[in-house]
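> Show me the folded form of this:
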Amino acid sequence: MGAVVGRWPALVCPGIVVLLATLSLAAVACEDGGSGEDGEPRIVFYSDRDGDDDVYIMNLDGTELDHLTNEPGRDYEADTSPDGRTLVFASQRDGPNNSLLYLMDIDGSNVRRLTEPPDEGRVIDDYAHWSPDNRHIVFQRTTSPEGGFPDADIWMVDTETGEETQLTNTPDSWDSTPSVSAGEKSVLFESDRDGDYEIHRLDLASGEVTQLTDSPGTDAEAKESPDGKSIVFSTTRDGEYEIHVMDADGENVRQLTDNDAEDRCAQWSPDGTRITFYSLRDGDAELYVMNADGREQARLTVSPGRDEVPDWVPAS
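Residues are numbered from 1 along each chain as shown. All right, here's what the predicted structure looks like:
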């Protein structure tokens, strides 16, 4: 296993065990409180508006803002389970040397640690993303032994058993920001294994990795649409980070945002018709939503702090 801390890429928002036998769709209704008014989905995100990074939830129109975490240390990058019941998030609440993954109920209760600190060295577990079966979570694990160089790889954890599986092992490259495909057969991630950061697809059954993009700059933060036909991602291929979308095979790339500030961390709505993201276009990091074709871009938050990495809470 590679090493956690030292060579951090400019990305703020990334032995195969056959896992397909345990990946099965679970159709579970949301708990009360998961949806906003009129059955609209809600948004979870993290913000430093109160002094340090914490996880928040709100209606899509910005109303009914709730503070879900309020502990010393960073709580960040929350991702919602497909059934809308549970959040996974990264946290440094147990100390600044490590960042570990935690689960909590959608109302902020029942917080429990999912990944464990190492016996020695440092570990950063973050960029967590649920599989559609509500049971597995892929994440980036960055490890660094005492006096060693950091290394980032893609891992998966079973939320019921706690069993962890390492999906990539590339000591000389940085594998980051994974997400599970809509069909649960593959994992998307970015890697600099071919010189600069490009988006790759890892087949969970065979372990085969396919490169989907090949462009100057950084292609990152890929998420597959609920119907499995499209991938939204952020890229610096035209200068600043902008949101693009492409077909699931990497073809037919088209640009959705176009301005002089960063647009990052796009996430599909549960029905695939809208996309949330954060942007610096108005001076600091705020949340936005747009149609899946890039039209009708609207600002969701106005705060003096950073609001970043939004995700959807499915409507009940």
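> Show residues contacting stretch 100-111.
With contact meaning CB atoms under 8 Å, 6 or more residues apart in numbering, stretch 100-111 is reached by 30-31, 33-34, 55, 57, 66-69, 75, 80, 84-91, 93-94, 112-117, 123, 125-126, 128, 137, 139, 157, 159, 313. All C-beta spots, glycine's among them, are computed from the backbone N, C-alpha and C.
> now stretch 215-227
10-11, 13-14, 129, 176-177, 179, 181-182, 188-190, 196-199, 212-213, 230-238, 241, 248, 264-268, 270-272, 292.
> just checking, which of those residues belong to strands?
Counting by DSSP state E, the part of these found in strands is 129, 176-177, 179, 188-190, 198-199, 230-235, 264-268.
> Weed out the non-buried ones from those residues.
129, 176-177, 179, 188-190, 198-199, 230-235, 264-268 (16 or more other CB atoms under 10 Å).
> Hmm, residue 233 is touching residue 199, no?
Yes. With contact defined as CB atoms under 8 Å, residue 233 reaches residue 199; the gap is 6.0 Å.
> list residues touching both of those two?
Between them, residue 233 and residue 199 share these contacting residues under CB under 8 Å, 6+ apart: 213, 219, 220, 222.
> Same list, these, but as CSV with secondary structure, pLDDT and distance to residue 257 please.
Formatted as CSV, the shared contacts of residue 233 and residue 199 follow (DSSP: H, G, I helix; E, B strand; the rest coil; pLDDT from 0 to 100; distance: CB to CB, whole Å):
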residue, secondary structure, pLDDT, distance to residue 257
213, coil, 98, 17
219, strand, 98, 15
220, strand, 98, 14
222, strand, 98, 16
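> Tabulate those residues (JSON lines), appending distance to residue 99 and neighbour count.
Listed next are the shared contacts of residue 233 and residue 199 as JSON lines, based on distance: CB to CB, whole Å; neighbours: other CB atoms under 10 Å:
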{"residue": "213", "distance to residue 99": "28", "neighbour count": "22"}
{"residue": "219", "distance to residue 99": "24", "neighbour count": "26"}
{"residue": "220", "distance to residue 99": "19", "neighbour count": "27"}
{"residue": "222", "distance to residue 99": "22", "neighbour count": "28"}
